[in-house]
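Colleague: Sequence and predicted structure below; questions after.
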Amino acid sequence: MAKETLGIIVNGATGRMGYRQHLVRSLLALRDEGGVPLSDGSRQPIELYLVARNEEKLRELAEKHNIEKYTTDLDEALAAEGFPVYFDALVTKLRVPAIRKAIAAGKAIYTEKPTAESYAEAVALADEAEAAGVKNGVVHDKLYLPGLLKLKRLIDSGFFGEILSVRGEFGYWVFEGDWQDAQRPSWNYRSEDGGGIVVDMFPHWNYVIENLFGKIASVYTETRTHIPQRVDERGETYKATADDAAYAIFDLENGPIVQFNSSWTVRVNRDELVELHVDGTHGSAVVGLFGAKIQPRNATPKPTWNPDLPDTHDYAEDWIEVPQNDPTENGFKLQWIEFLRYVLDDGNHTYDFRSGADGMLLAEAALASHDEGRRVALAERAIAPNQAASTPVAEPVGA
Ligand SMILES: NC(=O)c1ccc[n+]([C@@H]2O[C@H](COP(=O)([O-])OP(=O)(O)OC[C@H]3O[C@@H](n4cnc5c(N)ncnc54)[C@H](O)[C@@H]3O)[C@@H](O)[C@H]2O)c1
């Protein structure tokens, strides 16, 4: 007997992430493959209901991809029969009220990060979802990247020995919008609209670091707004009020130290837009979105410092490429499969609203570190479940 379709409401379907990664690369790909692959080898067919604010864009998109249902009215989608899953890729500022509606409607909820604009609100949202008994999940896409999966494999194999330090480098030049259009939305550069590289990227660094290397004990961060003025989508000049670069050091409870530069104001001289350099007692690795190369202890060169002689050794040649071994798959799609299988009681999904809130805890601690000019322990700012309402809201932080 044919399975009933599983309906998924996609809110923010016209956005950069909503459209490219979630709709096209994940959900439409799954729909067109016959559905979500299940553990028994069968497929669960899915149906999509698109929501966004621009009806014309929505219609075009729905027609292009052969999607029957779309609306500009979220309430209408939430009330429709046969759509028990809600996904949110709205701009961050609009997320909490939309998710609250989905909780009230009893949906299983999957969302882009960050789950809320503040940590206290993110904890409250986790409390509310748990109290309502709705399944919930947050995008943790970086963990599903081929390069990071290779890194996980290296860690699990014991390749590094004791991991001593990690240096992360993320970023690229985002055009100012004056003589070339900016390749990111303008709200990213306005803190009053939920922008800023710390709020955007530290939720990712939180789960990447904690799932691969260990629990973060404290953070020290310097942020900057290097480009104070930009030009928006309509050609209008605006003041950039949010941080566009962050220079951070994370101390892990189990010993390793992690440094991370995140910047929309750097020009790339690396193999990939994000790179992690991991040094351990028995080996080192340099890992990107896709690639990973290693240098074991017993193939490590012995440089000697001599500024009088040009160094002719090709250090890049000393590294060994890690093979892919398994076929690559889009990271967003892999996590979608995991989440939908969890909704269907066919597996687990670890990354819930609580873990999304941890990402905001790190982002806020990092901003507080910059504002106060000191290292901030995460424990100082942590809120226990169900305590969000009674915890005094920390002073707003961030430039
Ligand atoms: N996982 C990742 O790697 C990653 C990367 C970038 C962004 N994000 C997150 O994804 C979310 C969306 O970011 P984006 O870059 O796609 O943004 P975007 O501006 O391209 O799209 C956001 C969506 O929100 C809608 N929207 C904006 N203002 C609205 C309003 N006033 N009323 C109704 N709808 C409105 C837009 O129409 C669009 O559908 C953000 O929360 C961001 O933090 C995640």
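Modeller: That came in fine, so what should we check first?
Colleague: And the helices in the stretch 51-200 of the chain, which stretches?
Modeller: According to DSSP state H, counting those that start in this stretch, the stretch 51-200 of the chain carries its helices in the segments 55-64, 74-79, 95-104, 119-132, 146-156, 197-212.
Colleague: Put together a markdown table for these, with distance to residue 284, mean pLDDT and mean neighbour count on each row.
Modeller: C-beta coordinates here come from the backbone N, C-alpha and C atoms, glycine included. Output for the helices of the stretch 51-200 of the chain, formatted as a markdown table (distance: least, CB to CB, whole Å; pLDDT from 0 to 100; neighbours: other CB atoms under 10 Å):
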| stretch | distance to residue 284 | mean pLDDT | mean neighbour count |
| --- | --- | --- | --- |
| helix 55-64 | 45 | 96 | 13 |
| helix 74-79 | 49 | 98 | 16 |
| helix 95-104 | 39 | 98 | 19 |
| helix 119-132 | 34 | 97 | 22 |
| helix 146-156 | 10 | 96 | 19 |
| helix 197-212 | 15 | 96 | 24 |
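Colleague: Out of the ones you listed, which gets nearest to residue 22?
Modeller: Closest approach to residue 22 among these (CB to CB): helix 55-64, 12.5 Å.
Colleague: Show me what that closest one is packed up against.
Modeller: Under the contact criterion of 3 or more CB pairs under 8 Å, 6 or more residues apart in numbering; DSSP states H and E, helix 55-64 touches strand 46-51, strand 69-71.
Colleague: Counting neighbours, which bits of the shortest one end up buried?
Modeller: When you say that, I think you mean strand 69-71. By 16 or more other CB atoms under 10 Å, the buried positions in strand 69-71 come out as 69-71.
Colleague: Same question for stretch 190-198.
Modeller: Using 16+ other CB under 10 Å as the test for burial, stretch 190-198 gives 190-191, 193-198.
Colleague: and of those residues, the nearest to residue 82?
Modeller: Of the buried residues of stretch 190-198, the one sitting nearest to residue 82 (CB to CB) turns out to be residue 194, at 32.2 Å.
Colleague: who wins for proximity to residue 258 among the helices and strands packed on helix 55-64?
Modeller: strand 46-51 (37.7 Å).
Colleague: Any chance you could list what contacts the closest one?
Modeller: Residues external to strand 46-51 that are found in contact with it (CB atoms under 8 Å, 6 or more residues apart in numbering): 5-13, 23, 27-28, 30-31, 35-36, 58, 61-62, 67-74, 77, 80, 82-83, 340.
Colleague: Would the lengthiest helix in the chain count as contacting the ligand?
Modeller: The helix that spans the most residues within the chain, counting by DSSP state H, is helix 353-372. No - interface with the ligand: helix 353-372 contributes nothing (CB under 6 Å from any ligand atom), its closest point being 10.5 Å away.
Colleague: any idea how far the very next helix or strand once past that helix is from the chain center?
Modeller: From helix 353-372 onward toward the C-terminus, using DSSP states H and E, the following helix or strand is strand 376-377. Here strand 376-377 is found 22 Å from its chain centre; the criterion is CA atoms, centre = their mean, to the nearest Å.
Colleague: which neighbours does strand 376-377 have in its sheet, and in what orientation?
Modeller: Next to strand 376-377 in the sheet, as set by DSSP bridges, lie strand 216-224 (antiparallel).
Colleague: Pull out the buried residues from the strand it pairs with.
Modeller: Buried residues in strand 216-224, counted by 16+ other CB under 10 Å: 216, 218-221, 223.
Colleague: same thing with stretch 161-180?
Modeller: For stretch 161-180, the neighbour count (16+ other CB under 10 Å) marks 163, 165-166, 168-171, 174, 176-177 as buried.
Colleague: Number of residues surrounding the closest residue to the ligand within the stretch 151-300 of the chain?
Modeller: Using CB to the nearest ligand atom, the single residue of the stretch 151-300 of the chain nearest to the ligand is residue 185, 4.0 Å away. Residue 185 has 15 neighbouring residues, counting by other CB atoms under 10 Å.
Colleague: tally of neighbours for the residue lying closest to it once chain neighbours are set aside?
Modeller: Excluding the flanking residues, the one nearest residue 185 by CB to CB, 6 or more residues apart in numbering is residue 16, at 6.8 Å. Neighbour count of residue 16, defined by other CB under 10 Å: 12.
Colleague: same question, residue 272
Modeller: Neighbour tally, residue 272, other CB under 10 Å: 17.
Colleague: and residue 266, what is it in contact with?
Modeller: 171-173, 245.
Colleague: before we move on, back to that, same list, the buried residues of strand 69-71, but as a markdown table with pLDDT and distance to the ligand please.
Modeller: Output for the buried residues of strand 69-71, formatted as a markdown table (pLDDT from 0 to 100; distance: CB to the nearest ligand atom, whole Å):
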| residue | pLDDT | distance to the ligand |
| --- | --- | --- |
| 69 | 97 | 16 |
| 70 | 97 | 12 |
| 71 | 98 | 12 |
